[in-house]
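**Q** Predicted model and sequence below, questions to follow.
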Amino acid sequence: MLMMSRRQGETILIGDDVEIVIAHIGRSRVKVGIRAPRQTTVIAQEVKLVGDENRAAAAQAPPVAVLRALLAQLQPAAHTLRLPSDEGSVRQDAGTKT
Amino acid sequence: MPVLETNNFGAISFTLESVFEFPRGLPGFEERRRFVPVQNPQTAPIVFLQSLEEPSLCFITLPILVVDPLYRLQVMEQDLDVLSWRAAHPPRIGEDVLCLAVLSMRESGPTANLLAPVVVDLISHRAVQAVAPESDYSYQHALFPREAAPCS
């Protein structure tokens, strides 16, 4: 990996059309400005990880029995917590296919 | 009342007021903007987020405080914009927003995404999956860590 030292306000060029500006250096964070062609995707790595995780999570819902076993393992205190949106927003009567 | 054909639940009816609007979709599913929360009494407090646009797309979630009763919600400015959040104070779980952790069922056991909770404005029902890069939360938080003593 190429390592470069830059000061606040300095710029790095990647190829002909990507420009990275070190906009601000804080105590533990760096604010970076990125100028890139519209078709170049620029996202924080976390967002990509979350996207991958969502795709993995979106697999078919497991049967009710599996979910009930999972819930039974949760700490007993957890079961007493109520959903804040209990009134109205959530349907109660959907049956999950097993 | 509209009826939706789903892979997991068969046909479900829902009210338009119950729909969660994700103006930017979710990471990995940017084009999926509308979800309806579904609960089954047998699996409460699990909340299924069923896509209105894709019958096979359904996320399994838990209210985040069930996973971590001390969870500290951090929503970045860009995500507050998605929610059209106007209040001076940050959104509070349960009072202002519903906060859900997306579960993944892995062979090694279920995990919850605490790095990027689904945050739903309780009034407007606008929603965003709010990635919190500055938090120390994991996107693969084990629900049942191996070393924990099993509950009887």
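**A** Noted; the coordinates are in hand. Residues are numbered from 1 along each chain as shown, chains lettered A, B, ... in the order given.
**Q** Which secondary structure elements does the helix ranked longest in chain B sit against?
**A** What stands out as the longest helix in chain B, according to DSSP state H, is helix B:77-83. Based on contacts counted as 3 or more CB pairs under 8 Å, 6 or more residues apart in numbering or on different chains; DSSP states H and E, the elements that helix B:77-83 packs against are strand B:109-121, strand B:127-129. Yep, even glycine has a C-beta here, placed from its N, CA and C like the rest.
**Q** What lies in contact with that helix?
**A** The set of residues external to helix B:77-83 that reach it, using CB atoms under 8 Å, 6 or more residues apart in numbering or on different chains, is B:23-24, B:75, B:90-91, B:97, B:119, B:121, B:124, B:126-128, B:130-131.
**Q** Switch these over to TSV; also include pLDDT, neighbour count and distance to B:Glu54.
**A** Output for the contacts of helix B:77-83, formatted as TSV (pLDDT from 0 to 100; neighbours: other CB atoms under 10 Å in any protein chain shown; distance: CB to CB, whole Å):
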residue	pLDDT	neighbour count	distance to B:Glu54
B:Pro23	96	12	17
B:Arg24	94	15	16
B:Val75	94	20	26
B:Pro90	95	12	32
B:Pro91	96	21	28
B:Val97	97	27	24
B:Val119	98	25	21
B:Asp121	96	19	23
B:Ser124	95	12	23
B:Arg126	97	17	20
B:Ala127	98	27	16
B:Val128	97	28	19
B:Ala130	96	23	22
B:Val131	93	25	22
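**Q** CA atoms of the helix or strand just after the longest helix of chain B as CSV?
**A** Where DSSP states H and E defines the elements, the next helix or strand beyond helix B:77-83 is strand B:97-106. Provided in CSV are the C-alpha atoms of strand B:97-106 (Å, rounded to 0.1, in the frame of the first residue of the first chain):
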residue,chain,number,x,y,z
VAL,B,97,-37.8,6.3,17.0
LEU,B,98,-38.1,2.6,16.7
CYS,B,99,-34.7,1.1,16.6
LEU,B,100,-34.3,-2.4,15.2
ALA,B,101,-31.2,-4.6,14.8
VAL,B,102,-31.1,-6.8,11.7
LEU,B,103,-30.4,-10.4,12.5
SER,B,104,-28.4,-12.8,10.4
MET,B,105,-28.8,-16.5,11.0
ARG,B,106,-25.4,-18.1,10.7
